[in-house]
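Visitor: From the sequence below, what's the structure:
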Amino acid sequence: MIEVIPIKKMEYGQSITTFLMIKNTDLKKAKNDSLYLDMVLGDTEGVEASAKLWNADPQMVAYKSGEVVLVDALVQKFNGKLQLRINKLRKIKEEDQVSLEDFIESAPRDPEEMFFYLEAAIENFENHDIKKITKYLLNQKRDKLTYYPAAKTHHHAIKSGLLYHMETMLNIAQKIAPVYEFINKDLLYAGVILHDLSKVDEMESTELGIVDDYTKEGKLLGHIIQGIKEIDQASLELEIDEEVKLLLEHMILAHHYHPEYGSPKKPLIPEAELLHYIDLIDSRMYAMNKVLKDAEKGSFADKSMTLEGRHMYKSDL
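Guide: Here you go, the predicted model:
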């Protein structure tokens with residue numbers, strides 16, 4: 001029986017044969033016009049490593065994200081990080097007795113429990129129109145939210161990650177809101193629930209929470225514009241107050257804050273300002289926890305491009 005070797009236990013120069021899941025794969029052409037397979041592989045502990053198979057066959061385009069494969073490879077170091085040089089690769093067989101579920105990183109909370117938390121918050125909204133449109137839009141995405149990640153590769157890129165991101169942000173918002181009595185809590189909480197909702201239409205995800213590509217509309221518009229369109233359409237259907245519609249659209253439009261990140265307007269209402277920073281807090285804390293969880297105390301973690309290339313330090317406290 002083949003032993004499953006965690007990536008963090010692999011050593012440079014070691015030849016390994018183990019099962020790994022394809023997180024991302026792309027058949028590319030090298031400078032000498034030969035083909036190679038450029039991959040990101042993940043283990044059962046949620047750790048990922050880049051991998052390359054040189055002189056690949058054109059038929060290897062059949063390898064897809066979400067598949068578990070048997071890998072024969074040499075462990076190398078490239079740019080200071082572990083990289084696998086693949087010698088042989090094959091899809092798993094029934095006799096391998098490998099469980100796909102072991103390779104799936106999921107949110108630490110049950111989707112139904114997270115939905116209950118969001119729905120309970122909506123039921124407490126005092127503004128009838130904000131309650132009606134938020135409940136309507138959330139229910140439209142309910143099925144996909146049970147498994148969709150919040151991103152392809154960055155923060156909350158796990159099964160049910162988008163729903164988990166929304167729940168954690170709402171938890172933060174409910175702690176912050178009482179500090180600033182002049183803000184509209186309904187508007188802030190609705191912005192939290194709706195701000196990334198259209199990511200389920202921006203990306204194409206398997207039911208394992210793995211994004212292989214973006215949709216055509218996602219590439220051409222992006223979830224911010226898609227979200228504004230949905231609020232506009234729902235407002236007409238539900239006869240939502242024009243001021244409520246406009247404020248919710250501004251919350252979505254401004255939550256990335258900078259034009260280069262997709263927001264043509266910075267927040268012009270305090271609720272939108274809070275939404276941006278709550279989103280930033282949750283995405284950064286998730287990324288920091290991910291890079292630090294496997295680091296030794298008193299050491300620096302690997303560089304994280306999600307965190308602008310920082311080497312986070314894990315204290316010994």
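
Visitor: which residues are in contact with the lengthiest helix in the chain?
Guide: Selection of the longest helix in the chain by residue count, based on DSSP state H, yields helix 270-292. Contact with helix 270-292 is made by 154-156, 165, 168-169, 172-173, 176, 180, 182-184, 187-188, 191-192, 195, 247, 250-251, 254-257, 267, 301-302, 304, 306-307, 312, 314, as judged by C-beta atoms under 8 Å, 6 or more residues apart in numbering. C-beta: built from backbone N, CA, C; applies to glycine.

Visitor: out of those residues, which are inside strands?
Guide: residue 314 (DSSP state E).

Visitor: List only buried entries from the contacts of helix 270-292.
Guide: Using 16 or more other C-beta atoms under 10 Å as the burial test, the contacts of helix 270-292 include 155-156, 165, 168-169, 172-173, 183-184, 187-188, 191-192, 195, 247, 250-251, 254-257, 267, 301, 304, 306-307, 312, 314 as buried.

Visitor: Output the contacting helices and strands for the lowest-mean-pLDDT helix or strand in the chain.
Guide: The weakest-scoring helix or strand in the chain, judged by mean pLDDT, DSSP states H and E, is strand 211-214 (a mean of 85). The helices and strands touching strand 211-214, judged by 3 or more C-beta pairs under 8 Å, 6 or more residues apart in numbering; DSSP states H and E, are strand 203-205.

Visitor: and the strand it packs on, average pLDDT?
Guide: Averaged across strand 203-205, pLDDT comes to 91.

Visitor: in that strand, what counts as buried?
Guide: Neighbour-count burial for strand 203-205 [16+ other C-beta under 10 Å]: 203, 205.

Visitor: so where's the stretch 151-300 of the chain uncertain?
Guide: For the stretch 151-300 of the chain, no stretch has pLDDT under 70.

Visitor: and the longest strand anywhere in the chain, what other elements does it pack with?
Guide: Criterion DSSP E: the longest strand present in the chain is strand 15-29. Strand 15-29 is packed against strand 35-42, strand 68-78, with contacts defined by 3+ C-beta pairs under 8 Å, 6+ apart.

Visitor: Could you report the separation of residue 197 from residue 118?
Guide: 11 Å (C-beta to C-beta, to the nearest Å).

Visitor: what residue ranges in the stretch 1-150 of the chain are flagged as low confidence?
Guide: Ranges of the stretch 1-150 of the chain meeting pLDDT under 70: 1.

Visitor: All the helices of it, residue numbers only.
Guide: Counting by DSSP state H, counting those that start in this stretch, the segments of the stretch 1-150 of the chain that form helices are 111-123, 128-140, 142-145.

Visitor: buried set for the shortest one?
Guide: Which is helix 142-145. Result for helix 142-145 [16+ other C-beta under 10 Å]: buried residues 144, 145.

Visitor: okay, it in CSV with CA atoms only?
Guide: In CSV, the C-alpha atoms belonging to helix 142-145 read as follows (Å, rounded to 0.1, in the frame of the first residue of the first chain):
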residue,chain,number,x,y,z
ARG,A,142,-28.2,29.4,-1.4
ASP,A,143,-27.3,26.2,-3.2
LYS,A,144,-24.0,27.4,-4.6
LEU,A,145,-23.0,29.1,-1.3
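
Visitor: Could you list every helix and strand in contact with that helix?
Guide: Packed on helix 142-145, when contacts are counted by 3+ C-beta pairs under 8 Å, 6+ apart, are helix 111-123.
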